[in-house]
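> Only the shape, not the letters, is given here:
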C-alpha cells in the first residue's frame, strides 16, 4: 500500500510518547527482520509457520510506525520468538516506505491459543497534528476494524468456525439463514475499506497537475509546400519557419 509511513526508531521521542500515552511501563525493543520473510498482512500465520518448523512461540505486540507530521501508529503485530528466546520479524513490511532491517516493537506476550480467525485489534494512534484529513483517516481505520470485529463476533457466536478452512468458508458449509447476514456484514467491511482508502487519498501528497495542452496556432500560409520558400520573406524553407 502506498503511504507515507516510515520506520520509527525505538529511542525516538515520539516512540516514547506513544509508549507513555498508551503502553505505560512497557519496553520498546528493536526486532531484526529475517532475510527470508513471509507475505505482508499475514504476520500471525508467518510466525506460526516458524513455530511449526523450528519451535519457539508466537509473540504478540505492537509495531511502531510514523507518518511524519501526521501521527504515530501502533499496529498490532506478531513476531517469532525462537527456541533461544530471540525475537525475529518474519513478515514483509505492510507499507512500501518502511525499509528498515529492524522492527520497532512493544511485546505484550505469547499467543496462547491460536484461533481460526486472526486477531482484529484496532491500531493505536498518537496525533502529531489536528488536521481534519488526519483525523478522518484515523476514524476510517478504526471503523474498518469495528466492522471486521462485528463479523468475527457473528461467526463465533453462531458456531461457524467449523465451516472454515483458514480464513475461508468451505463451499456450501454455511446454513442458508446465516448467509444473508454474513453477506450484509461483509458488505459493511467492504464499505469501511472503501472509506479508509478515500480518507487515505485526502492525506497523501498530491502530484502537481500537468499543464493544460495548448494547441499550436494555425499557420497563416496553409497551402504552402513544406520544401517551398516561406512566404513571410525570411528566406527559410516553409518547414523550418511557419510550417513548424
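Ah, there it is. This one's a predicted model, so the numbers in the text were calculated from it and none came from an experiment. Numbering: from 1, shown residues only.
> Flag the shaky bits of this structure, pLDDT-wise.
The model of the chain has pLDDT under 70 over residues 1-2, 205-223, 244.
> Would you map the helices across it?
Taking DSSP state H as the criterion, the chain carries its helices at 13-22, 43-54, 132-157, 176-203.
> Out of these, which is closest to residue 89?
Closest to residue 89 of those is helix 43-54 (Cβ to Cβ; 8.0 Å). Backbone N, C-alpha and C define where each C-beta goes, glycine included.
> rewinding a little: want to throw the helices of the chain into JSON lines with mean neighbour count and distance to residue 237?
Formatted as JSON lines, these follow (neighbours: other Cβ atoms under 10 Å; distance: least, Cβ to Cβ, whole Å):
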{"stretch": "helix 13-22", "mean neighbour count": "15", "distance to residue 237": "66"}
{"stretch": "helix 43-54", "mean neighbour count": "18", "distance to residue 237": "69"}
{"stretch": "helix 132-157", "mean neighbour count": "17", "distance to residue 237": "57"}
{"stretch": "helix 176-203", "mean neighbour count": "14", "distance to residue 237": "51"}
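> can those go into a markdown table with extra columns for distance to residue 86?
Listed next are the helices of the chain as a markdown table, based on distance: least, Cβ to Cβ, whole Å:
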| stretch | distance to residue 86 |
| --- | --- |
| helix 13-22 | 21 |
| helix 43-54 | 12 |
| helix 132-157 | 30 |
| helix 176-203 | 35 |
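> can you tell me which of these comes nearest to residue 116?
Among the helices of the chain, helix 132-157 comes nearest to residue 116, with 8.7 Å by Cβ to Cβ.
> Report the inter-axis angle for the closest one versus helix 176-203.
160 degrees (axes from the mean of the first three to the mean of the last three Cα atoms, to 10 degrees).
> Go ahead and name everything in contact with stretch 31-41.
For stretch 31-41, contacts defined as Cβ atoms under 8 Å, 6 or more residues apart in numbering pick out 45-46, 49, 79, 87-94, 100-105.
> domains of the protein?
Domain ranges of the chain: 1-128, 130-205, per automatic domain parsing.
> closest one to residue 227 among those domains?
Closest approach to residue 227 among those (Cβ to Cβ): domain 130-205, 50.1 Å.
> any idea how far that closest one is from the chain center?
The chain centre lies 15 Å from the centre of domain 130-205; the measure is Cα atoms, centre = their mean, to the nearest Å.
> next one: stretch 101-109
On Cα atoms, centre = their mean, the centre of stretch 101-109 falls 18 Å from that of its chain.
> Mind listing what's buried along it?
Residues 103, 104, 105, 106, 107 are the ones in stretch 101-109 that count as buried (16 or more other Cβ atoms under 10 Å).
> Next up, the contacts around the fourth one.
The reference is to residue 106. 19, 23, 26, 27, 28, 29, 61, 62, 64, 74.
> what do you get for the last one?
If you count contacts by Cβ under 8 Å, 6+ apart, residue 107 has them with 26, 27, 29, 59, 60, 61, 79, 87.
> try 6 Å this time
When the contact criterion is Cβ atoms under 6 Å, 6 or more residues apart in numbering, the partners of residue 107 are 59, 61.
> Beta-bridge partners for it, please?
On the basis of DSSP bridges, residue 107 is bridged to residue 61.
> what number of residues lie near the residue lying closest to residue 182 once chain neighbours are set aside?
Closest residue to residue 182 apart from its sequence neighbours, by Cβ to Cβ, 6 or more residues apart in numbering: residue 174 at 6.6 Å. Number of residues near residue 174 (other Cβ atoms under 10 Å) recorded here: 17.
> Sweet, I'm off.
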